[in-house]
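A.B. asks: Below: sequence and its predicted model.
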Amino acid sequence: MTRYVLITRHPADCTELQTFLDPCGLTLRPYPVLRLEDVNDDAGWQELLAHRSDERAPTWLVMASPRAPHRFAGACRDRGAENLLELPAAVVGTGTARAAEEAGLRVELVGPGHGQGLAQELVESLDNPTTIVFACGRDRRPELPRILTENGHSVLPVVVYRMDPTPPRELPPLGPSLDAVVLTSPRAATFYLEGVGGHPLPCPHWALGPTTRQAAAALGIDCRIPLEPTMKSLAEELCRN
């Protein structure tokens, strides 16, 4: 018998996790409480390109979401800044690494599935003050740039996308017989709770990492987290429970 797991993601973002869940008969039911929109950050690009025109310090590209690489690469080509595509890239998790490689970027460091962990690994890896080009979303967690800045590095954010709340009337029906709910970000936890009427559904809830779990707890949602902040580890836990 097929069992269902509600996940606060768009169907296009569920492929990796669904592949891991197939052997144990679990099917994801996407509930995309946030929808993706492109952003044209003219001010951020102007600052970055002006900075790079006479930059002598080493420079890295950092991305914390698989939504960023293709949008960043496309914007570089549109602005005649293809040289930025040659920067060494540090990314959060294997999903972002795969998206970055598909976009033609040079991935040199793959951190764990959260920005804080990637920032700490970068700090340990970089010997000299470094300029960090942070291709990011409009609503982003502060830990990654804060840790890098506190350790003497310069962070230049360039916003390439945003996640806007999906109007409730456009959300799919929840459907019956849910075995679990997966919350994919702190903001997703907020809009999930609004979408289901203010009370968590009566089944186990999971978050990919501690940041989302903490945000969910503040909303009254008790979440478990996998041993590692990866889709594979999450799938193992879901199949086991």
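C.D. replies: Arrived safely, thanks for sending.
A.B. asks: for the protein, which strand is longest?
C.D. replies: If you go by DSSP state E, the chain has its longest strand at strand 154-165.
A.B. asks: Now tell me what touches it from outside.
C.D. replies: 33-39, 41, 44-45, 47-48, 51, 57, 65, 67-68, 71-72, 75, 129-140, 145, 148-149, 185, 187, 191 (C-beta atoms under 8 Å, 6 or more residues apart in numbering). In this view, the C-beta of every residue, glycine as well, is placed from N, C-alpha and C.
A.B. asks: Only alpha carbons, please: show the helix or strand of the chain with the lowest mean pLDDT as PDB.
C.D. replies: Least confident element among the helices and strands of the chain, by mean pLDDT, DSSP states H and E: helix 42-52 (a mean of 89). Only the C-alpha atoms of helix 42-52 are listed here, as PDB (Å, rounded to 0.1, in the frame of the first residue of the first chain):
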ATOM      1  CA  ASP A  42      20.700  45.900 -10.400                       C
ATOM      2  CA  ALA A  43      22.200  47.600  -7.300                       C
ATOM      3  CA  GLY A  44      23.800  44.300  -6.200                       C
ATOM      4  CA  TRP A  45      25.300  43.700  -9.600                       C
ATOM      5  CA  GLN A  46      26.600  47.300  -9.900                       C
ATOM      6  CA  GLU A  47      28.400  47.000  -6.600                       C
ATOM      7  CA  LEU A  48      29.800  43.600  -7.500                       C
ATOM      8  CA  LEU A  49      31.000  44.600 -11.000                       C
ATOM      9  CA  ALA A  50      32.500  47.800  -9.700                       C
ATOM     10  CA  HIS A  51      34.300  45.900  -6.900                       C
ATOM     11  CA  ARG A  52      35.600  43.300  -9.300                       C
END
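A.B. asks: Which elements pack onto that helix?
C.D. replies: Judged by 3 or more C-beta pairs under 8 Å, 6 or more residues apart in numbering; DSSP states H and E, helix 42-52 is in contact with strand 154-165.
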